[in-house]
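**Q** fold the following.
(one chain, ligands or ions: 1)
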Amino acid sequence: MQLQDKVIIITGGGQGLGRAMAEHLAAKGAKLALVDLNQERLDETVGLCQAAGSEARAYICNVANEEQVVATVAQIAEDFGAIHGLVNNAGIIRDGLTIKVKDGELSKMSLAQWQAVIDVNLTGVFLCTREVAAKMIEQKTQGAIVNISSISRAGNMGQANYSAAKAGVAADTVVWAKELARYGIRVGCVAPGFIETEILAAMKPEALEKMTAGIPLRRLGKPQEIAHSVAYILENDYFTGRVLELDGGLRL
Ligand SMILES: NC(=O)c1ccc[n+]([C@@H]2O[C@H](COP(=O)([O-])OP(=O)(O)OC[C@H]3O[C@@H](n4cnc5c(N)ncnc54)[C@H](O)[C@@H]3O)[C@@H](O)[C@H]2O)c1
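**A** Presented below is the predicted three-dimensional model:
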């Protein structure tokens with residue numbers, strides 16, 4: 001798909017990887033519908049996309065809320081006239097061991113801690129994919145959906161909730177690629193390793209060094225490198241049902 005003038009929705013477009021994707025796609029001439037919870041951050045990203053010469057609009061929406069997702073996708077279709085792509089990027093972490101024993105005291109991951117991550121990282125992806133695909137089929141527009149999974153989908157200690165959600169996203173990429181191909185909608189997935197985002201910038205240099213030592217390429221990924229992969233999937237018309245692993249060669 002040629003990205004010039006195509007309408008692409010990015011969830012979690014306010015900051016981090018979503019913002020890098022927005023800037024990258026804007027530079028390629030795509031029109032961006034940015035979905036997030038934080039108005040201020042969204043407005044900043046809209047400004048960056050406009051500076052890159054593209055049209056962008058901000059939408060406040062919780063991807064885990066069915067009513068909000070239904071209304072937001074309908075609003076985006078009305079505002080832009082069409083939807084050609086979606087990047088399911090919004091995500092949260094609530095890390096912790098399922099069972100932790102410290103000084104003889106046993107604690108458990110709470111159901112709320114489990115559910116919050118499943119709701120945003122898995123149910124949110126389902127809801128956005130369902131609504132966008134339905135709208136694209138209704139409007140007879142073709143395009144692509146890109147899900148953001150993670151290297152943690154292989155099973156990362158302290159991330160039972162996150163690993164389950166990210167594995168689910170990778171599996172459903174295959175399901176939706178099969179189900180939606182007949183409508184001209186491709187579905188791909190990017191599984192990033194450790195990427196240089198704000199969270200990591202706050203880490204101590206020693207801890208960061210330890211983390212990067214295990215990566216064959218000996219460095220963290222850059223948000224622009226993830227954005228590059230997202231654009232690749234959107235642009236390459238033979239890519240569907242597969243996960244692109246962008247992790248510097250790291251295996252968990
Ligand atoms: N940064 C990494 O190293 C890394 C590695 C692997 C995967 N990922 C994945 O990449 C994606 C982006 O990560 P990031 O590092 O940019 O995170 P981030 O926390 O910097 O940004 C996530 C964005 O999603 C938004 N968001 C959170 N919950 C939402 C909700 N319910 N509805 C709408 N928006 C919501 C947040 O407001 C925020 O702007 C996530 O899915 C994450 O799991 C990141």
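**Q** in what element of secondary structure is residue 145 found?
**A** strand 143-148 (DSSP states H and E).
**Q** could you list the buried residues of that strand?
**A** 143-148 (16 or more other CB atoms under 10 Å). Where C-beta positions appear, they are placed from N, C-alpha and C, glycine not excepted.
**Q** go on, stretch 178-185?
**A** 180, 185.
**Q** tell me how far that stretch lies from the chain's centre.
**A** 20 Å (CA atoms, centre = their mean, to the nearest Å).
**Q** partner strands of the strand holding residue 145, parallel or antiparallel?
**A** The strands beside strand 143-148 in its sheet (DSSP bridges) come out as strand 85-88 (parallel), strand 185-192 (parallel).
**Q** pLDDT of that strand, averaged?
**A** Average pLDDT, strand 143-148: 99.
**Q** give me the residues contacting that strand.
**A** 1, 6, 17, 83-89, 91, 125, 129, 132-133, 136, 169-170, 172-173, 176, 180, 184-190, 192, 226, 230, 233-234, 239-240 (CB atoms under 8 Å, 6 or more residues apart in numbering).
**Q** and that strand with the ligand, contact?
**A** Yes: using CB under 6 Å from any ligand atom, we find that strand 143-148 touches the ligand at residue 148.
**Q** equivalent analysis for stretch 93-105, please.
**A** No: under the criterion of CB under 6 Å from any ligand atom, stretch 93-105 makes no contact with the ligand; the nearest approach is 6.8 Å.
**Q** for the protein, which residue occupies the most central location?
**A** Centroid-nearest residue in the chain: residue 89, 1.5 Å away (criterion: CA atoms, centre = their mean).
**Q** I'd say that residue and residue 12 touch.
**A** Yes: with contact defined as CB atoms under 8 Å, residue 89 counts as touching residue 12 (4.4 Å).
**Q** helix, strand or coil for residue 34?
**A** strand (DSSP: H, G, I helix; E, B strand; the rest coil).
**Q** counting neighbours, what do you get for residue 214?
**A** A count of nearby residues for residue 214, using other CB atoms under 10 Å, gives 13.
**Q** how about residue 212?
**A** 16.
**Q** pull the CA atoms of the strand or helix carrying it into CSV?
**A** Assigned by DSSP H and E, residue 212 falls within helix 205-213. The C-alpha trace of helix 205-213 is given here as CSV (Å, rounded to 0.1, in the frame of the first residue of the first chain):
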residue,chain,number,x,y,z
PRO,A,205,23.4,3.2,33.5
GLU,A,206,24.7,0.0,35.2
ALA,A,207,21.3,-1.6,34.9
LEU,A,208,21.0,-0.6,31.3
GLU,A,209,24.4,-1.9,30.5
LYS,A,210,23.6,-5.3,32.1
MET,A,211,20.4,-5.4,30.0
THR,A,212,22.1,-4.6,26.7
ALA,A,213,25.0,-7.0,27.3
